[in-house]
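Participant: Let me see the structure of the following:
(chains A and B)
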Amino acid sequence: MSLYKTPKQTQSSSYEMLSSFTLPLVSAFVHEDELKTRMRRRPVLICVFHGQTASPPFSSTSSAEAASPVSHFHLKPVLFKRLFGIDTALIKSPVILCGLPDGRLCFLPLRLPGSRLRVLHSLEQPVVFIGASVVMKTGPEHAQCLVAVGELGRVLLIKMDKGGSEGECSRAGFTEGCVPGPVVCGCVDKRHLYYSTGSDLLALDLSKGSSGIEGQECGEETSAALQSPTSLNVCRVISLAQPTCSPAGEVQLLGLSIRGQLQRITLPVWRKDARMSKLPQGRCSARDLLSAIGDVYERASVLKTSIKSKNQTLRHLNQVLNISFLLLASTREEHFPIQEKPIRCHAMTKWSRLLQKDSLNLTCVLDNSSPYVLERGWTLTIAAFPLSCSPSAGGESSSTNFSFQFCNLHPGETLEVSLPLAAAGDTYFPVTINCSLTFSVTSLLGEEEVASFTGLQSGCISLPLNTLTVDWLHVLQVKSSTASHKNTTSQPNNITTADTIQAFVRSHRIWCSGRGDGGGGGASALKQEQYSACVRVSSELLRDTLVLKSSDLDPQEPMLAPHNLCISLLDWMLSDSLGGVKMGHRGDEIALSSPVVHAQGPNGDTVKLTAKEVNIGEESMAKESLSAIEVRVESSSVAAVCGLHHAVLHRVQTLLQRAPKRPASTKTVQSLGLRQALQRAECLLQQIQQSRISAAFGVGESTRQMTHSFLSVYRELRENPLLII
Amino acid sequence: MSNKIYHTLSLFDKWVQENNNLVNKWKQQEGGGDTLSRDQSQTHLKWCTSEFETLLRKIQGVPPLADHTQLEVSVVYNACVCFTAQSQFTEAELLLKQATERALQMAGNFPVASDPPVLWRTVLKSVENTALNSCVLYLLCLQWAIWLATCQLKMIEEFQEELTSLVETLPDGVWDDRRSKARGKSFDISLLVMEPRRLVELLQICTSIAQGAERLSEGHSSEALSGLQIASSLPAPRILVAYTHFLSGSCLAHMSRPQMALQCYRKALETDFRCVCALYQSMLIYRQLGNTQAEIQALHLLHSTRMLPSATEPALACTHLLSPSSLLRSQSLSSLLSVPSALSVLHNLALKCVLHGRVSEGVEHYLDLLAAFHSEDHQVHAEVPPLPRLTELYLEAGTALLMAQRPADCMALCDEVISTTLELLPEKLILEELEQRNEIRDVSVEGEDRVAMLLWTGAAYLLQGHCQTHLKDWKQAVIHYTRCINLLMKVWFKKRGFQPQIPSADMIVKEGTYLSVLQKLKGLSLAGRGISFTQTDQLKEALRDLQLSLQAFPECVGAGLWCGEVLWRLGRRRMAAAHWEKTWTFSAQSSLE
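Facilitator: All right, here's what the predicted structure looks like:
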């Protein structure tokens, strides 16, 4: 695992890349760190010149000098030679010095042929700052000392040591010391290193050691001096500019605080004679003290409010976590019935008429039966996905999202929201409704903290509640004999007839284009083609389940007549709140009087639902015949038939799940039928594959024929369903 | 509702069209390739690759049908070529494997082995003499390219037969037959990004080159030679033909036939002047043969070609999709083809000129070299044979300047060296007895060799002394020589188990060690000072210095002769005669050796 960095060296005039270097960072520790705070840690670069060059080639052009005077240093020749080698000094090549996030201090001579990046020293903590200081010399320019500061407060001074006692030549001395970190930024002037820890700005006198006694003691004294930086009582500085020194000896620093304030910090005159006292006492005026007190007070009050708000947030977070665990636990157990979920949604569909336009409204009720309060910050998000979509939408299944913010939903309370699901003839059912609770961290932290929190992209957690399905049966507008009377008041007849005519014309058109050039289409056009599909359910099963269900409601009628059974099946289908969704418009509880229901689908097509009792069984063994209820769906619209068939099957499925366990039926009615059905299905599958491949390559048939063949296959699939026991 | 509205292209035609659009787009881009930067063409290539891959995924979603093999193979071919051009070999191999497995299914067999060679053999056998054969051969082409690019020469040898037959069958244009036969319409012919015929030709010669280099590095020169001779007559880009000539030359050089090797190198250069390695190798042969004039000329040429702007970009770079450079990646070949950088060549050239009497020319070259170091725009890259240290280069240049009668310039150079090193010199330095020169040196903390540094400074002082002698400023000469001597006296020598001492004459000094250089420097500087004293008539001091010089460095002929001279002047004629005699015999001996 290695990271690569490519510092590019560009020439200031033409910006062409001279060369690039890659250096592998091998340590895995660094890699982890990098991931966490990649934004903040960058290598620090400075350019160092050989001191002897009076006008170095780079900065001799005035523009370059004006642009970056800070990052160019002229190092004292001896130190330069010692650190970077004779060859570099001989051709007076500028040297790039770079501090890497893994603590290595590397250098690269720019002009030396075949030079490679070499490591000068390792600080063992991310390098924050590199600078050069003149240290004590008032004469211009040649820096005598290189300073590197690590993030955790390690300070490295590189300067020439005076020759030792045994006649050794002078060598470069590396002095390391520690200051209390973390160091955020730093800068140097002639004698001091200024650095900010975020909570305070400190100054460190670099001149102490070098002016001391020679040899070993010198080193010790330097490190001793490093441990006692002077506090300047300025907090929250995150960036410092190169200090300027007025002729009177006042040092001015420009600092940028974390709040975006640009501060000019004027330091008191450093007295040259008083070496022991770090901050000359006599110069401390009352104003300084007052400003210091004010600063401290400000910091304290900010801390107090932040602690308070943090406590609040923690309490809030506790609630959030409790709810999250509750919801997660209930989603993990898939079999958990919806009714028993502590926080759940159920819904109701309702047709409404606004500006002569029908539209379907869905009323969602969020029921909080958990012991926790849903506090500020929670949002109920409802997403509606049509299962299929209109071809005009370009094949992209579009989902609609609604979100409702709410304040404080206490245990036992409910929240009712309603949303438009679809306009008439607009959406394709069934529609899946995903309900989820979303919690946004923004409400906990406040905007600016979230914005600074780069690791948190969305700042939201989303917990799924439950999924509801609105299918065709939910959206039928029933026109039963009694209901039609009632509806006339609200729904003028002419519109209904107009709708019917419209539906007729539409289906007629489909029919025509489907069979258009068939020949004698004109005659048969009048006879509207009815599509139909049917589902057969054994009446025994129905009796068991429906009776079982209604027994608690209606104990007087334990045994339903077959006719009644049909009606109750249809009634159940149209009214039951399956999967939490209810049909709203049947609130007036019209009992169905006949096993035939005429209704209007969402697209305006009329549909007919019939339930009748049939006997099924092979002719050979009449004994084995079985009574069953056949639910037949008929309509002139294919879509309506498909949708309703799907919906009915879905209902029956739930019915089956509800059915009490019985010993396996001894009846062997369907074994033969099963095989036949299987064969038929296989045959159909083959047919489909055939036409698909030929469709793909456009061999043979035209699109129209293809559609036709698909339609016939589809209809055949719908026919002759097996009996559901 | 006429038919036209409903008339849509079938999926198959759509795919063909998509493929052809991509290929055409690529070809357009390739045609205008010069205007685009390398980065842009890379991104374009990446985009093409992913598009081909998506298309292929769509096509492979349908069960394998014999009718659409041609389309599928074309897309696989295009995608693989793109992958290979980006050196994504694993992806390309995966695609190839899938395609071959599908081909097997079409032929009615089911893939059994996952091992590539076995799989290929099964496929080739099962599709033999069927319509699929040509398609599979195209895929084999790509497999060949991948093997070559990943240096799996063994695999190529294993499939030698099949590949040779591939080369023979491809030009028949089986593909084109099928195309014209299959459909009359124009849009359903799927295009290819690279003409397979060209690819095969390229692969053939590149394989020969790679194999030749491999055999050469293994020492089978004659075997390699025969293969390369055949390859040199193949149709190919000029640079590749030049490489075959060059490699033949290298083989001949290995078989110690330098003249024939030179012929081959010449042929390589005549074929393509970008084949700089041939020039470099012929220079080495001239050096080996001792033909200095020819060597210098070759160096000259080499330097001027390296300075050409085109020299910076590799000769193999090519705007086409699969460039030879992406196919020729073997280590042995690249080491054969490597040429030292312009600076290194220039240094060699300057040194050769100076050593072989063309001093003024050499001086010019040295000055060019120094100017190159001070210029800002030269490239920083690793030198293969590293240049000597810059200080040594300065001293060499100084010497050359002195030889060219330019003492003032020489002085300036030496001044620079001295000013850089002087501050870093130690007060006292102990040189330990070392077995070899390259053993542990006295490397100080900052990574500089302190002994070397001292010797450089000493040499610089010596040169300055020589310059002053040259200017007949004897006093100054004495000053510089004295500085040199003082410096050299700082070095103490420590034998194992003994105290450090100033090295004396009776020690046996091995050639090439620091100690020998030190003694030589000491002898020369003492002799120089002695001679200067002689010129100023300080004969006593002169005699002392000359004798000390002879002690430190007995082989110094000049010191011996001058010593005789001084003795003569002092009137000690017999001793003078003895000295001369001794020196003469000595120099005669050394010249005999």
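
Participant: can you pull the pLDDT of residue 166?
Facilitator: Reading this off chain A. The model reports residue A:166 with a pLDDT of 43.

Participant: could you do chain B instead?
Facilitator: 77.

Participant: For stretch A:628-648, C-alpha coordinates in PDB please.
Facilitator: Taking Å, rounded to 0.1, in the frame of the first residue of the first chain, the C-alpha atoms of stretch A:628-648 are listed here in PDB:
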ATOM      1  CA  ALA A 628     -64.900 -23.200  -6.800                       C
ATOM      2  CA  ILE A 629     -65.500 -19.500  -7.200                       C
ATOM      3  CA  GLU A 630     -64.400 -18.000 -10.400                       C
ATOM      4  CA  VAL A 631     -63.600 -14.400 -10.400                       C
ATOM      5  CA  ARG A 632     -63.600 -13.000 -13.900                       C
ATOM      6  CA  VAL A 633     -62.300  -9.700 -14.900                       C
ATOM      7  CA  GLU A 634     -63.600  -8.300 -18.100                       C
ATOM      8  CA  SER A 635     -62.800  -5.100 -19.800                       C
ATOM      9  CA  SER A 636     -62.300  -3.600 -23.200                       C
ATOM     10  CA  SER A 637     -58.900  -2.400 -22.100                       C
ATOM     11  CA  VAL A 638     -56.000  -4.700 -21.900                       C
ATOM     12  CA  ALA A 639     -54.300  -2.700 -19.300                       C
ATOM     13  CA  ALA A 640     -57.200  -2.800 -17.000                       C
ATOM     14  CA  VAL A 641     -57.500  -6.500 -17.300                       C
ATOM     15  CA  CYS A 642     -53.900  -7.000 -16.600                       C
ATOM     16  CA  GLY A 643     -53.800  -4.700 -13.700                       C
ATOM     17  CA  LEU A 644     -56.900  -6.200 -12.100                       C
ATOM     18  CA  HIS A 645     -55.900  -9.700 -12.700                       C
ATOM     19  CA  HIS A 646     -52.600  -8.900 -10.900                       C
ATOM     20  CA  ALA A 647     -54.400  -7.300  -8.100                       C
ATOM     21  CA  VAL A 648     -56.900 -10.100  -7.600                       C
END
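
Participant: Contact partners for residue B:388?
Facilitator: B:347, B:396 (CB atoms under 8 Å, 6 or more residues apart in numbering or on different chains). Using the backbone N, CA and C atoms, a C-beta is placed for each residue, glycine as well.

Participant: I meant residue B:143, not that one.
Facilitator: Neighbours of residue B:143 in contact, by CB under 8 Å, 6+ apart: B:93, B:96, B:116, B:120.

Participant: C-terminal to the stretch of helix or strand it belongs to, what's the next element?
Facilitator: Residue B:143 is part of helix B:132-149 when elements are defined by DSSP states H and E. Going down the chain from helix B:132-149, the next helix or strand is helix B:153-158, by DSSP H and E.

Participant: Just the buried positions in that next one, please.
Facilitator: B:153, B:155-156 (16 or more other CB atoms under 10 Å in any protein chain shown).

Participant: what's the answer for stretch B:54-65, then?
Facilitator: For stretch B:54-65, by 16+ other CB under 10 Å, it's B:55-56, B:59-60, B:62, B:64.

Participant: so can I have TSV of those showing distance to residue A:408?
Facilitator: Listed next are these as TSV, based on distance: CB to CB, whole Å:
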residue	distance to residue A:408
B:55	56
B:56	57
B:59	58
B:60	57
B:62	58
B:64	63
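
Participant: Thought residue B:561 was touching residue B:550, still the case?
Facilitator: No - the pair residue B:550 and residue B:561 fails to qualify as a contact (CB atoms under 8 Å) at a distance of 10.7 Å.

Participant: neighbour-wise, which of those two wins?
Facilitator: residue B:550 (23 against 18; other CB atoms under 10 Å in any protein chain shown).

Participant: Does stretch B:101-109 reach chain A?
Facilitator: No - Stretch B:101-109 lies apart from chain A when judged by CB under 8 Å from any CB of the partner chain; the minimum separation is 15.0 Å.

Participant: Any idea which residue of chain B lies closest to chain A?
Facilitator: Chain A sits closest to residue B:10 of chain B, with a gap of 2.4 Å, by CB to the nearest CB.

Participant: Let me know the pLDDT of that residue.
Facilitator: At residue B:10, the pLDDT value in this model is 74.

Participant: neighbours around it, how many?
Facilitator: 15.

Participant: what about it, distance to residue B:429?
Facilitator: Separation of residue B:10 from residue B:429 (CB to CB, to the nearest Å): 89 Å.

Participant: repeat for residue B:359
Facilitator: 34 Å.

Participant: For the stretch 401-550 of chain B, just list every one of the strands.
Facilitator: Counting by DSSP state E, counting those that start in this stretch, one finds strands in the stretch 401-550 of chain B at the ranges B:429-432, B:491-494.

Participant: Any stretches of the stretch 351-500 of chain A with poor pLDDT?
Facilitator: A:354, A:356, A:387-398, A:422-429, A:442-459, A:478-500 (pLDDT under 70).

Participant: The stretch 351-500 of chain B now?
Facilitator: B:376-385, B:433-448, B:496-500.

Participant: make it 50
Facilitator: B:435-447 (pLDDT under 50).

Participant: Next: the stretch 1-150 of chain B.
Facilitator: B:1-7.

Participant: Helices along that one, start to end?
Facilitator: B:3-6, B:11-31, B:38-59, B:69-85, B:89-106, B:116-126, B:132-149 (DSSP state H, counting those that start in this stretch).

Participant: Who are the contact partners of the nearest residue to residue B:135 once chain neighbours are set aside?
Facilitator: Of all residues not flanking residue B:135 in the chain, residue B:73 sits nearest, at 4.2 Å (CB to CB, 6 or more residues apart in numbering or on different chains). For residue B:73, the contact set (CB under 8 Å, 6+ apart) comprises B:99, B:135, B:138-139.

Participant: and the gap between residue B:73 and residue B:142?
Facilitator: On the measure of CB to CB, residue B:73 and residue B:142 end up 10 Å apart.

Participant: Return the most buried member of the strands of the stretch 401-550 of chain B.
Facilitator: strand B:491-494 (a mean of 18; mean count of other CB atoms under 10 Å in any protein chain shown).

Participant: how distant is it from the center of its chain?
Facilitator: 41 Å (CA atoms, centre = their mean, to the nearest Å).

Participant: what about residue A:355, how many residues close to it?
Facilitator: Applying other CB under 10 Å, we find 5 residues neighbouring residue A:355.

Participant: correct me, but residue A:83 touches residue A:173?
Facilitator: No - using CB under 8 Å, residue A:83 is not in contact with residue A:173; the gap is 11.1 Å.

Participant: overlap in contacts of these two?
Facilitator: In the contact map built from CB under 8 Å, 6+ apart, the residues linked to both residue A:83 and residue A:173 are residue A:158.

Participant: The two: which is more packed in?
Facilitator: residue A:83 (23 against 20).

Participant: check which helix or strand covers the residue nearest to the more buried one when sequence neighbours are not counted.
Facilitator: Leaving aside its chain neighbours, residue A:83 sits nearest to residue A:172 (5.8 Å; criterion: CB to CB, 6+ apart). If you go by DSSP H and E, residue A:172 is part of strand A:171-178.
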